[in-house]
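Visitor: Quick one, structure for this:
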Amino acid sequence: MSIVTSAPQVEIVVPVYNEQATLETCVRRLHRFLTAELPFSWRIVVADNASVDATERIGRALAGELRDVAYMRLAQKGRGRALRAAWSASGARVVAYMDVDLSTDLRALLPLVAPLLSGHSDVAIGTRLAHGARVVRGPKRELISRSYNAILHTVLRARFSDAQCGFKAVRADALATLLPDVKDEGWFFDTELLVLAQRRGLRIHEVPVDWVDDPDSRVDIVSTAKADLLGVWRLLLDSPIVRFMSVGVASTLAYALLFVLLSGGLALGAALANVIALGTTAVANTAANRRWTFGIRGSAERVRQYAQGVVVFVLTLALTSGALATLHGIDADPAGWVQLSVLVIAGLAATVTRYVALKSWVFVRAVGRPTPLRDA
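Guide: Numbers count the residues shown, from 1 in each chain. Sure, this is the predicted structure:
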């Protein structure tokens with residue numbers, strides 16, 4: 001990569017593979033636009049993921065000729081891999097990328113990055129599917145795009161409108177929390193990044209764009225669609241609800257075992273055994289959900305979260321204790337398996353309430369927005 005003396009406010013990555021025919025035209029056009037129109041300091045990075053044509057020669061020549069243009073060479077293919085490498089090496093406050101064909105009207109770039117630099121949003125995407133977008137493309141690609149995004153909305157409960165538009169930007173501080181957990185190195189990289197951002201409560205800003213389909217696109221639609229669907233399935237299995245249910249099942253089994261040991265083996269009585277068993281598993285449940293379900297690490301707000309977890313525990317205790325008291329009101333000396341069954345059912349009934357409380361109260365992200373990024 002060519003040497004740049006200071007970090008810009010915005011760094012735009014153009015991932016390429018065998019783009020000798022279009023690379024120079026793209027970079028020069030983008031360079032002219034940024035010079036004339038973008039009121040922030042910027043840099044263009046050509047991220048070449050293992051091209052075997054003249055792309056490397058052209059990219060290095062452009063980096064040597066044009067100010068604020070850099071070239072990065074990767075030994076392996078993969079758009080996600082190229083973005084990960086370029087973004088990880090960047091010192092910019094906002095990192096972005098766009099496809100080399102420049103299908104998206106460049107006038108959307110300022111509306112894309114401005115909300116991130118101001119601190120209004122964490123992630124910004126161009127969208128071809130929102131009101132106000134103007135798109136020129138064939139019916140086949142239109143159907144594929146809308147079908148894919150419909151799958152994301154249905155299966156992963158995505159709230160962003162267009163995951164595949166090659167026109168995105170991320171605040172560097174937000175990216176640092178997301179990138180380590182993005183596993184894909186190919187075309188699904190974008191979708192995974194957006195899904196993780198949504199799950200973690202980051203604000204995603206959408207910019208309707210003017211977009212013209214590139215008729216020379218060499219993307220293998222079949223293999224890409226297959227990889228994307230496998231990625232969707234992986235994210236579904238790794239969703240907060242699935243993780244919460246797994247933690248809940250483990251907690252319920254641990255609770256049942258402790259209750260049997262305490263009430264039967266140690267003869268503490270059903271009420272006291274319930275308090276001890278539920279209290280023990282509640283602490284472990286809060287810790288597991290904090291780290292695994294909601295992806296929160298570090299000590300920030302840990303005391304508050306555990307304190308509020310205790311309140312949720314008290315509510316759960318009230319539900320299970322109430323169920324136990326009701327059972328004893330019906331039968332003064334119920335069989336052990338009946339007591340356990342009632343408590344397990346009551347605990348499962350409280351699961352939905354517990355999840356809502358953890359998500360919307362205990363582990364909710366701070367309401368205040370990040371501090372706006374300012375000039376150095």
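Visitor: Can you verify Gly186 is assigned to a helix?
Guide: No - counting by DSSP: H, G, I helix; E, B strand; the rest coil, Gly186 is not part of a helix but coil.
Visitor: wait, isn't it in contact with Ala82?
Guide: No - if you go by Cβ atoms under 8 Å, Gly186 and Ala82 don't touch, sitting 10.1 Å apart. C-beta here means a position set from N, CA and C on the backbone, and glycine is covered the same way.
Visitor: higher neighbour count, these two?
Guide: Legend: neighbour count by other Cβ atoms under 10 Å for Gly186 and Ala82, higher for Ala82 (28 against 16).
Visitor: Which residues are in contact with that one?
Guide: The contact partners of Ala82, taken as Cβ atoms under 8 Å, 6 or more residues apart in numbering, are Val13, Pro15, Ala47, Asp48, Asn49, Met72, Leu74.
Visitor: of these, the lowest pLDDT goes to which?
Guide: Minimum pLDDT for the contacts of Ala82 is recorded at Asn49 (92).
Visitor: Can you verify my assumption that that one contacts Leu83?
Guide: No - counting by Cβ under 8 Å, Asn49 stays clear of Leu83, with 9.4 Å between them.
Visitor: Name all residues that sit in contact with the two at the same time.
Guide: If you check Asn49 and Leu83 against Cβ under 8 Å, 6+ apart, the residues they both contact are Pro15.
Visitor: Spit out the contact partners of Ile58.
Guide: Gln20, Leu23, Glu24.
Visitor: The residue nearest to Ala254 when sequence neighbours are not counted: neighbour count?
Guide: Closest residue in space to Ala254, ignoring its immediate chain neighbours: Thr281 at 5.0 Å, by Cβ to Cβ, 6 or more residues apart in numbering. As a burial measure, Thr281 scores 24 neighbours (other Cβ under 10 Å).
Visitor: in what helix or strand does Thr281 lie?
Guide: helix 270-288 (DSSP states H and E).
Visitor: Can you list the neighbours in contact with that helix?
Guide: By Cβ under 8 Å, 6+ apart, helix 270-288 touches 247-248, 250-251, 254-255, 258-259, 262-263, 266, 268, 305-306, 309-310, 312-313, 316-317, 320-321, 324, 339, 343, 358, 362.
Visitor: Confirm that Gly264 sits in a helix.
Guide: Yes - read with three-state DSSP, Gly264 is one of the residues of a helix.
Visitor: my read: it touches Trp337, true?
Guide: No - taking contacts as Cβ under 8 Å, Gly264 lies outside contact range of Trp337: 10.9 Å.
Visitor: Just want to know which of the two has more residues nearby.
Guide: With neighbours defined as other Cβ under 10 Å, Gly264 and Trp337 compare such that Gly264 has more, 13 against 9.
Visitor: who touches the lowest-mean-pLDDT helix or strand in the chain?
Guide: Least confident helix or strand, the chain: helix 336-357 with a mean of 77, by mean pLDDT, DSSP states H and E. The contact list for helix 336-357 (Cβ under 8 Å, 6+ apart) reads 241, 244-245, 248, 252, 255-256, 259-260, 263-264, 270, 274, 312, 315-316, 319-320, 322-324, 327, 331, 334.
Visitor: Ok, stretch 65-81 next?
Guide: Stretch 65-81 has contacts (Cβ under 8 Å, 6+ apart) with 1-2, 4, 8, 15, 17, 27-28, 31, 34, 42-50, 56, 59-60, 62-63, 82, 85-86, 89, 182, 184-190.
Visitor: so Val135 sits in a strand?
Guide: Yes - counting by three-state DSSP, Val135 falls inside a strand.
Visitor: and it, how many neighbours?
Guide: 19.
Visitor: and it, what pLDDT?
Guide: Value for Val135, per-residue pLDDT: 90.
Visitor: which regions of the stretch 201-350 of the chain lie under the pLDDT threshold?
Guide: Across the stretch 201-350 of the chain, the ranges flagged by pLDDT under 70 are 215-220, 347.
Visitor: can you pull out the helices in it?
Guide: 221-237, 240-260, 270-288, 302-330, 336-357 (DSSP state H, counting those that start in this stretch).
Visitor: Flag every buried residue along the last one.
Guide: The reference is to helix 336-357. Residues Gln339, Leu340, Val342, Leu343, Val344, Ala346, Gly347, Ala350, Thr351, Arg354, Tyr355, Ala357 are the ones in helix 336-357 that count as buried (16 or more other Cβ atoms under 10 Å).
Visitor: How is Ala21 classified with respect to secondary structure?
Guide: Relying on three-state DSSP, one would call Ala21 coil.
Visitor: Next one: Glu65 from Gly59, what distance?
Guide: When distance is defined by Cβ to Cβ, to the nearest Å, Glu65 is 11 Å away from Gly59.
Visitor: Find the residue at the geometric middle of the protein.
Guide: Geometric centre of the chain, nearest residue: Leu196, 1.3 Å, by Cα atoms, centre = their mean.
Visitor: need the contact list for it.
Guide: Leu178, Asp181, Val182, Gly295.
Visitor: how about these, which pair is most distant?
Guide: Val182 and Gly295 (12.2 Å; Cβ to Cβ).
Visitor: Of the two, which one has the most company?
Guide: Val182 (21 against 16).
Visitor: For the more buried one, list the residues it contacts.
Guide: So Val182 contacts Gly80, Arg84, Phe189, Glu192, Leu193, Leu196 (Cβ under 8 Å, 6+ apart).
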